[in-house]
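Engineer: Sequence below, structure please.
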Amino acid sequence: MFAFKLFAFLKWALAAVGVLALVLGGVLAIPVKSPPPLASIHTGARAIGHEGRPELSRFQARDGTWLAYRLYRAKNGGSDRLVILAHGSSASSDEMHVVARSLAENGVTAVAIDVRGHGASGTRGDVAYIGQLDDDLTDLVGELRRSYADAKLTLIGHSSGGGFALRIAAGPVGALFDRFVLLAPYLGHSAPTNRPAEPTTRWAEPDIPRILALTFLGLIGIDWPQSLPVIAFANAPEAAKSVTSRYSFRLLIDYGPPPDWQGALRKAASRLEVIAGESDELMDAAVYKSVLPPLGVHVVLLPNVDHMGVVYQPTALAAILETTGGKLTQR
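Structural biologist: Alright, predicted model coming up:
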């Protein structure tokens, strides 16, 4: 009788494992779908331009990979203020060009990075492991400190880069920085600051079943499928050469906010500021103003500025420069 029950249990257990394997296999095999191109993001990206953009520089990360950034030296020769700029999802250092140029023209050295997995840094759309971007940032700061040993250091991030900056601020790498500025930050899929994804404002299309499947597999120690793409962005086909249209699971986790965004904001509030446009089509600026100040975070809202405008409109540039202790010089 015992042998019969054991055999029956094993049969059902193997059947359950087989069904689970089929379900996971199907979920992992279905390709990620891309949303239609989002016009407002592309219009904003084109408005940034390349005038005065420096050539790419490179530094070697701890894994031997050469990662790219653009260095904008302070025009007055000053070395007391240094800013690292992290672009939004899918983008590259080009997105932060106007911000970096404005900072340099006003006495602040700026470093606009191609985050690994973007632009000229590493493999497009992927990292080698979750946590690698933290290591890369640590390595970059070490490289920059050779020339700017005593500079006050600020990390500024836009959109997903803002979420990444928040995660850094609340973690061990945050000790390397004096201040953090989040530009229209993405705070996570469940944050109330996200506007409902309408067809005309859908920037990203996540593959939720695949994300859940990979999360489950990670919990049981299977991490090799984490290189699979799990989210696609609403880029136009003609932008394919300059953007990263899909993220792997591990890049999605690495380049974004921490799970407890409220706890992170509380922890870093004294060194953190949020700047957003009132006309942001992806983020609800009014919710920033109602939710973040009770957590101790100072919020600046800019009229007539949308999601991309916060990285190139004059009012945004002036607000960003103020966070570094300066005032905008009219061009």
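
Engineer: how about W203, phi and psi?
Structural biologist: Dihedral pair for W203: phi -90, psi -30, per degrees, to the nearest 10.

Engineer: I misspoke; the intended subject was R81.
Structural biologist: According to degrees, to the nearest 10, R81 has phi -130, psi 130.

Engineer: Tell me who's in contact with it.
Structural biologist: 74, 107-109, 151-152, 154, 324-326 (Cβ atoms under 8 Å, 6 or more residues apart in numbering). (Glycine included, C-beta is placed from N, CA and C.)

Engineer: Pull up the per-residue confidence for it.
Structural biologist: pLDDT for R81: 96.

Engineer: Setting aside sequence neighbours, what's the nearest residue to it?
Structural biologist: The spatial neighbour of R81 that comes closest, neighbours along the chain excluded (Cβ to Cβ, 6 or more residues apart in numbering), is V108 at 4.5 Å.

Engineer: same check, this time on G78
Structural biologist: G107 (4.7 Å).

Engineer: isn't there a strand covering that neighbour?
Structural biologist: No - counting by DSSP: H, G, I helix; E, B strand; the rest coil, G107 is not found in a strand; it is coil.

Engineer: Make residue 1 into 47 and carry on from there
Structural biologist: Noted, 47 is the first residue going forward, which turns the last one into G153.

Engineer: Please identify which helix or strand holds H235.
Structural biologist: Applying DSSP states H and E as the criterion places H235 outside every helix and strand.

Engineer: Return the residues in contact with the closest residue in space to it that isn't next to it in sequence.
Structural biologist: Spatial nearest neighbour of H235, chain neighbours left out: P252 (7.5 Å); criterion: Cβ to Cβ, 6+ apart. Contact partners of P252, counting by Cβ under 8 Å, 6+ apart, are 235, 276-277, 298.

Engineer: Just flag the most distant two among these.
Structural biologist: Checked with Cβ to Cβ, the contacts of P252 reach their widest spread between H235 and V276, with 12.1 Å between them.

Engineer: More neighbours: which of those two?
Structural biologist: V276 (25 against 12; other Cβ atoms under 10 Å).

Engineer: Let me see the backbone angles for the more buried one.
Structural biologist: Dihedral pair for V276: phi -130, psi -10, per degrees, to the nearest 10.

Engineer: wait, it sits on A259?
Structural biologist: No - V276 sits out of contact with A259 when judged by Cβ atoms under 8 Å, with a separation of 9.5 Å.

Engineer: how close does the closest residue to P83 other than its chain neighbours get to L84?
Structural biologist: Spatial nearest neighbour of P83, chain neighbours left out: A282 (4.2 Å); criterion: Cβ to Cβ, 6+ apart. Per Cβ to Cβ, to the nearest Å, A282 is found 9 Å from L84.

Engineer: surely the residue nearest to P83 meets H88?
Structural biologist: Yes - at 5.4 Å, A282 counts as touching H88 under the criterion of Cβ under 8 Å.

Engineer: Next up, the contacts around the residue nearest to G124.
Structural biologist: With Cβ under 8 Å, 6+ apart, G153 has these contacts: 120-122, 124, 127, 372.

Engineer: Count the neighbours of the nearest residue to N350 once chain neighbours are set aside for me.
Structural biologist: In space, and not counting its chain neighbours, N350 is closest to S325: 5.9 Å by Cβ to Cβ, 6+ apart. Using other Cβ under 10 Å, S325 has 16 other residues around it.

Engineer: what secondary structure does S325 sit in?
Structural biologist: Reduced to three states by three-state DSSP, S325 is coil.

Engineer: how near is it to G90?
Structural biologist: S325 is 11 Å from G90, by Cβ to Cβ.

Engineer: quick one: contacts for the residue nearest to N350?
Structural biologist: 331, 349-352, 355.

Engineer: what's the closest of those residues to R147?
Structural biologist: Of all these, R147 sits closest to G355, with 16.0 Å by Cβ to Cβ.

Engineer: you'd agree that closest one is up against G90?
Structural biologist: Yes - in this structure, G355 is within contact of G90 by Cβ under 8 Å, at 6.3 Å.

Engineer: in stretch 297-313, what counts as buried?
Structural biologist: With burial defined by 16 or more other Cβ atoms under 10 Å, the residues of stretch 297-313 counted as buried are 297-304, 307, 310-311, 313.
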